[in-house]
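1. got a predicted structure here, sequence first:
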Amino acid sequence: MRSLRIVRTSTAILLLTARPGLAQTSSPAAAGASVEAMYRDIADSLIRAATGDSAAYARLGNLVDGFGHRLSGSASLEAAIDWVLAQMKSDGLENVQGERVMVPHWVRGEESVELVKPRRARLHMLGLGGSIATPRRGITAPVLVVTSFDDLHERAAEARGKIVLFDVPFTTYRETVKYRVEGAAAAARAGAVASLIRSVAAYSIRSPHTGVMHYDSTVTPIPAAALSVEDAMMLRRFQDRGQPVVVTLRMAARTLPDAPSRNVVAEVVGRERPDEVVVLGGHIDSWDVGQGAMDDGGGAVAAWEAVRLMKQLGLRPRRTVRVVLWTNEENGGKGSLAYRDAHADQLTKHVLAIESDNGVFAPKGFRFSGLDAAFAKAQEIAELLKPIGADKVSREKDSPEADIAPLVERGVPGMGLDVEGSRYFWFHHSEGDMLDKLDPAEVGRCVAALAVMAYVAADAPDGLAHAAAR
């Protein structure tokens, strides 16, 4: 840590020496001056600072190696939050605090799936978040493999008393994840005694992927788990050959009373309009497998580092830049709702909300939701990111990320960092989500993209021009 601080300090000195005045706030804009003309030097300084060393990657390593997974309600999550708050104060960020949130507390417990027929073998599985337990001795039952909700509906008469397995290949996350979220309820309506899914994964080395599932209050809940892609496909092949498939599912999952947690909040307070706010962040919680380095430790640390660099370089924008590390994104979304409610009377002063929650791989730009004028301004700002290839801004109808959705629904423009995501769903919600899946240079470019977008949006004289149109 000592040598890391020296590197950061040296970087700041070099930057400020090379470009006198960067430690000062930007001067008032000349009439008609372009974003490029006003902010090129400052953008370049942030890009150099973010990409000049591996500070963000090193800090992420300290987080995920030091605390491991951070599931809501866990001691590891709260210890990680304590550490982050202390580090933010050491960074000199302002108004550092943990805003209290009550979160779900689901505990996995011991679990397994054993193939009984047509041969005995251990299968690779993970229980789905929120699932109930099986009886102590487990559930041993025939398996009915189906390929869709429609397939289950057509074969509903065969499902009663069986374990239904949804063997659905990955297409897109939005399309495929519905089987994880809704599969247990659909299977229960057909009279099944448990529900299994083929893991929602774009690639697999027999590694199951977990994630949240929901019950339907109109049907009796049944246990729910994910099999590895390979095991799900094998069970389907047995069925296609006419071989009866029987498995034993054991799960000791428990849902405990809600537990206290916190959203982490810190700021660089604006010099002219401190009540107007640009929010950027990621979620600090993760699933209880792997380290949550990709989802979403990297996004959380990248946003934190972006604000730290503003502080280090002496860049204080007109408006406040607030980093928020939301809690409980994975299995409840309580952190994002608590932030919205805690700041309800300030939301008309929120000029932009940015989130990184798709892995901190090579950044391509941003996905945007908001009014036309704000979209146009975001495109102008993104031009400053051409040197790192992150200058594309695409339009989305709905919120581009989950934690900022409650703000977008209230009229705040929202942006999600858009990255090269071809490998994200290889490791998403699995034991493979470890630090090694990320590249230090790509993490640095993500920090740069977030820092430039947030700083310029906070400093531009007209912001994103959204408030008057709401």
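-> Happy to help now that I have it.
2. now do the SS call for the most centrally placed residue in the chain.
-> Nearest to the mean C-alpha position of the chain, by Cα atoms, centre = their mean, lies D357 at 3.3 Å. For D357, the secondary structure call by DSSP: H, G, I helix; E, B strand; the rest coil comes out as coil.
3. list the residues that contact it.
-> For D357, the contact set (Cβ atoms under 8 Å, 6 or more residues apart in numbering) comprises 282-283, 295-296, 299, 329, 401-403, 416. For every residue, glycine as well, the C-beta is placed using N, CA and C.
4. neighbours of G411, how many?
-> A count of nearby residues for G411, using other Cβ atoms under 10 Å, gives 16.
5. now do F238
-> 17.
6. and it, helix, strand or coil?
-> helix.
7. nearest residue to it other than its sequence neighbours?
-> Leaving aside its sequence neighbours, F238 sits nearest to V245 (Cβ to Cβ, 6 or more residues apart in numbering; 4.9 Å).
8. quick one: residues contacting that neighbour.
-> Counting by Cβ under 8 Å, 6+ apart, V245 touches 115, 117-118, 142-143, 145, 235, 238-239.
9. how about TSV for those residues, with secondary structure, pLDDT and distance to G52 added?
-> Shown next, in TSV, are the contacts of V245 (DSSP: H, G, I helix; E, B strand; the rest coil; pLDDT from 0 to 100; distance: Cβ to Cβ, whole Å):
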residue	secondary structure	pLDDT	distance to G52
L115	strand	98	53
K117	strand	98	60
P118	coil	98	59
P142	strand	98	60
V143	strand	98	55
V145	strand	98	53
L235	helix	98	51
F238	helix	98	55
Q239	helix	98	56
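10. tell me the buried residues within those.
-> 115, 142-143, 145, 235, 238-239 (16 or more other Cβ atoms under 10 Å).
11. partner strands of the one helix or strand V265 maps to, with direction?
-> Following DSSP states H and E, one finds V265 within strand 254-268. Strand pairing for strand 254-268, using DSSP bridges, gives strand 94-107 (antiparallel), strand 319-326 (antiparallel).
12. what comes up buried for that strand?
-> By neighbour count on 16+ other Cβ under 10 Å, the buried set for strand 254-268 is 258-259, 261-268.
13. quick one: the helices in the stretch 151-300 of the chain?
-> All helices of the stretch 151-300 of the chain, identified by DSSP state H, counting those that start in this stretch, fall at 156-159, 173-189, 229-240, 298-312.
14. a markdown table for the ones you listed, including distance to A80?
-> Converted to a markdown table, these look like this (distance: least, Cβ to Cβ, whole Å):
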| stretch | distance to A80 |
| --- | --- |
| helix 156-159 | 42 |
| helix 173-189 | 26 |
| helix 229-240 | 30 |
| helix 298-312 | 10 |
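15. out of those, which is closest to L77?
-> Closest approach to L77 among those (Cβ to Cβ): helix 298-312, 11.9 Å.
16. got the angle for that closest one vs strand 254-268?
-> 20 degrees (axes from the mean of the first three to the mean of the last three Cα atoms, to 10 degrees).
17. packing partners of helix 298-312?
-> Counting contacts by 3 or more Cβ pairs under 8 Å, 6 or more residues apart in numbering; DSSP states H and E, helix 298-312 is packed against helix 35-51, helix 55-67, helix 75-91, strand 254-268, strand 273-283, strand 319-326, strand 350-355, helix 440-459.
18. can I get the CA coordinates of the last one in CSV?
-> Written as CSV, here are the backbone C-alpha positions of helix 440-459 (Å, rounded to 0.1, in the frame of the first residue of the first chain):
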residue,chain,number,x,y,z
PRO,A,440,-5.5,-4.0,-15.2
ALA,A,441,-5.3,-1.9,-18.3
GLU,A,442,-9.0,-2.4,-19.2
VAL,A,443,-10.0,-1.5,-15.6
GLY,A,444,-8.0,1.7,-15.9
ARG,A,445,-9.7,2.7,-19.1
CYS,A,446,-13.1,2.1,-17.4
VAL,A,447,-12.0,4.4,-14.6
ALA,A,448,-11.1,7.0,-17.2
ALA,A,449,-14.4,6.8,-19.1
LEU,A,450,-16.4,7.1,-15.8
ALA,A,451,-14.2,10.0,-14.6
VAL,A,452,-14.4,12.1,-17.8
MET,A,453,-18.2,11.6,-18.2
ALA,A,454,-19.0,12.3,-14.6
TYR,A,455,-16.7,15.3,-14.3
VAL,A,456,-17.7,17.1,-17.5
ALA,A,457,-21.4,16.4,-16.8
ALA,A,458,-21.0,17.9,-13.4
ASP,A,459,-19.0,20.9,-14.6
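19. in that helix, which residues are buried?
-> Buried-residue list, helix 440-459, by 16+ other Cβ under 10 Å: 440, 442-459.
20. any idea of the mean pLDDT for the strand holding V265?
-> The predicted model assigns strand 254-268 a mean pLDDT of 98.
21. do the same with stretch 345-361
-> Computed over stretch 345-361, the average pLDDT equals 97.
22. pull out the buried positions in it.
-> Residues of stretch 345-361 classed as buried: 347, 349-361 (neighbour count, 16+ other Cβ under 10 Å).
23. which of those residues sits closest to L385?
-> In terms of Cβ to Cβ, no member of the buried residues of stretch 345-361 lies closer to L385 than I354, at 13.0 Å.
24. what sits closest to the closest one if chain neighbours are left out?
-> In this structure, I354 finds its nearest non-sequential neighbour in L280, 4.0 Å apart by Cβ to Cβ, 6+ apart.
25. now R254, nearest residue through space, not along the chain?
-> V107 (4.9 Å).
26. identify the residues contacting that neighbour.
-> By Cβ under 8 Å, 6+ apart, V107 lies in contact with 73, 253-256.
27. against D65, how distant is it?
-> 23 Å (Cβ to Cβ, to the nearest Å).
28. do the same with A449
-> When distance is defined by Cβ to Cβ, A449 is 25 Å away from D65.
29. quick one: V408 from A451, how far?
-> Using Cβ to Cβ, V408 is found at 22 Å from A451.
30. check M310 too.
-> Counting by Cβ to Cβ - M310 and A451 are separated by 7 Å.
31. about what we covered before: among the buried ones among the contacts of V245, which one lies nearest to D372?
-> Distances from D372 to the buried ones among the contacts of V245, taken by Cβ to Cβ, are shortest for V145, at 48.1 Å.
32. rebuild the contacts of V107 as JSON lines, extending it with distance to A201.
-> Formatted as JSON lines, these follow (distance: Cβ to Cβ, whole Å):
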{"residue": "G73", "distance to A201": "25"}
{"residue": "A253", "distance to A201": "21"}
{"residue": "R254", "distance to A201": "26"}
{"residue": "T255", "distance to A201": "25"}
{"residue": "L256", "distance to A201": "28"}
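33. identify the farthest-apart pair in those.
-> G73 and A253, at 12.8 Å, using Cβ to Cβ across the contacts of V107.
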